[in-house]
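J.: Could you work out the structure for the sequence below:
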Amino acid sequence: MKKIFLLPILLLTVFSCSSDSSSTPNPVEEAMYFPPNDGSTTWETKTIATLGWNQSAVQPLLDYLELKHSKSFIILVNGRMVMENYFNGHSATTPWYWASAGKTLTSTMTGIAQQDGLLNINDKVSDYIGTDWTNETLAQENLITCKNLLSMTSGIDDYVNGVYSDDVTPSSLNYKADAGTRWAYSNVYVKLQDVIANAAGQTWSTYFNTKLRDKLGMTGSWIQSGNNTIYWSTTRSMARFGLMALNKGKWNGTQVVNEAYFTQATTTSQNINLSYGYLWWLNGKASYHLPQTQVQFNGSLIATAPSDMFMALGKNDQKIYVIPSKKMVVIRMGDAADSENLALSDFDETLWTKIAALYQ
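T.: Modelled structure (predicted):
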């Protein structure tokens with residue numbers, strides 16, 4: 001049975017079409033809210049009714065989320081909590097993994113390290129971690145910049161012996177194409193964490209906690225899982241990061257990562273996969289590529305979602321959706337909605353049909 005933390009609904013008096021529309025606040029014009037960083041559970045709320053949304057669309061959305069193995073779901077508008085729902089024994093204090101949605105944490109930390117003067121994303125990776133970090137020739141390796149890792153254009157083969165690989169030991173990082181000429185979704189981006197740690201003279205976790213996690217009032221930690229280090233946190237911590245992203249790197253008046261970098265990170269980063277920035281996925285572009293394939297697909301990643309949306313997407317349908325035009329952040333954590341997947345699935349299309357029914 002699902003636990004539902006649906007905010008209380010205020011009953012509205014029904015007005016004629018000619019009545020004063022000021023009774024329903026415009027969420028775009030309302031001041032942005034940031035929850036306090038004091039460890040409290042305080043978070044301002046907004047009701048479905050006061051937004052003028054469709055209450056009858058709430059239960060179909062919740063039913064679908066539960067059916068599709070969700071553990072948690074949050075909607076923020078202007079930073080205020082509109083829906084907060086937990087399913088299948090999960091709770092507000094239970095941590096869950098971000099999977100590849102956490103790539104956007106690494107992207108953000110790269111921007112922070114650059115603004116701290118520790119690195120330049122246009123420098124080659126070997127400037128920071130030394131040579132022979134791949135199985136390529138020195139000339140091939142020296143073509144790979146930090147920006148190539150951010151944009152998934154390292155040219156390193158995403159397959160090893162015909163099998164998709166997330167191994168980042170040097171023997172598994174083999175040449176496939178010159179850096180910048182091929183887009184391939186690959187775990188090699190994680191080398192940016194080594195770049196940042198070496199440049200900062202600190203462990204990755206220490207620098208991350210000081211420069212990002214603690215500034216946003218997040219909780220959570222990096223946990224080793226096979227060849228990956230995965231971030232685990234509560235759903236509210238993921239929502240805090242999404243709220244910073246909505247505000248282009250700013251948190252409650254403090255610019256955590258500079259806006260110019262964050263704008264670059266959430267804009268097409270190369271001309272191969274138009275729907276990819278710096279480890280962020282981008283909606284509304286003319287075409288896209290997906291993990292484990294070189295096929296180009298025409299159209300928007302999620303046709304049922306707003307075209308200005310950008311996303312952090314992780315294995316088994318971990319989601320941060322950020323929609324600037326609606327001042328909105330949507331979070332979903334859980335098990336795979338259907339079959340196991342690295343980022344996108346048919347779940348996104350149907351989920352957004354049901355989310356859009358709230359406000360259309």
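
J.: now the stretch 1-150 of the chain, which segments are flagged as low pLDDT?
T.: Where the stretch 1-150 of the chain drops to pLDDT under 70, the residues are 1-28.

J.: So which residues of it form strands?
T.: Assigned strands in the stretch 1-150 of the chain, in chain order: 3-6, 70-77, 80-86, 96-97 (criterion: DSSP state E, counting those that start in this stretch).

J.: Neighbouring strands - and their directions - for the second one?
T.: Strand 70-77 has the following sheet partners, assigned by DSSP bridges: strand 80-86 (antiparallel), strand 328-334 (antiparallel).

J.: centre of the chain versus that strand, how much separation?
T.: Remark: strand 70-77 is offset 14 Å from the chain centroid, using Cα atoms, centre = their mean, to the nearest Å.

J.: Quick one: closest of the strands of the stretch 1-150 of the chain to A336.
T.: Among those, the nearest to A336 by Cβ to Cβ is strand 70-77 (10.4 Å). Bear in mind the C-beta positions are built from the backbone N, C-alpha and C, glycine included.

J.: quick one: buried residues of stretch 221-240?
T.: 222, 228-240 (16 or more other Cβ atoms under 10 Å).

J.: what about the helices in the chain?
T.: Assigned by DSSP state H, the chain shows helices spanning 58-67, 103-115, 126-129, 138-141, 146-151, 191-200, 204-208, 235-246, 259-265, 346-359.

J.: so which of these gets nearest N283?
T.: Each of those has some distance to N283 by Cβ to Cβ; the shortest is helix 346-359, at 9.5 Å.

J.: Now render the buried residues of stretch 221-240 as JSON lines, adding distance to V330 and pLDDT.
T.: Listed next are these as JSON lines, based on distance: Cβ to Cβ, whole Å; pLDDT from 0 to 100:
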{"residue": "W222", "distance to V330": "24", "pLDDT": "97"}
{"residue": "N228", "distance to V330": "25", "pLDDT": "81"}
{"residue": "T229", "distance to V330": "26", "pLDDT": "90"}
{"residue": "I230", "distance to V330": "21", "pLDDT": "96"}
{"residue": "Y231", "distance to V330": "19", "pLDDT": "98"}
{"residue": "W232", "distance to V330": "20", "pLDDT": "98"}
{"residue": "S233", "distance to V330": "16", "pLDDT": "98"}
{"residue": "T234", "distance to V330": "16", "pLDDT": "98"}
{"residue": "T235", "distance to V330": "11", "pLDDT": "98"}
{"residue": "R236", "distance to V330": "14", "pLDDT": "98"}
{"residue": "S237", "distance to V330": "15", "pLDDT": "98"}
{"residue": "M238", "distance to V330": "11", "pLDDT": "98"}
{"residue": "A239", "distance to V330": "9", "pLDDT": "98"}
{"residue": "R240", "distance to V330": "14", "pLDDT": "98"}
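
J.: so can I have CSV of those residues showing distance to Q140?
T.: Shown next, in CSV, are the buried residues of stretch 221-240 (distance: Cβ to Cβ, whole Å):
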residue, distance to Q140
W222, 30
N228, 25
T229, 26
I230, 29
Y231, 31
W232, 35
S233, 37
T234, 42
T235, 42
R236, 44
S237, 39
M238, 37
A239, 41
R240, 40
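
J.: Much appreciated, bye for now.
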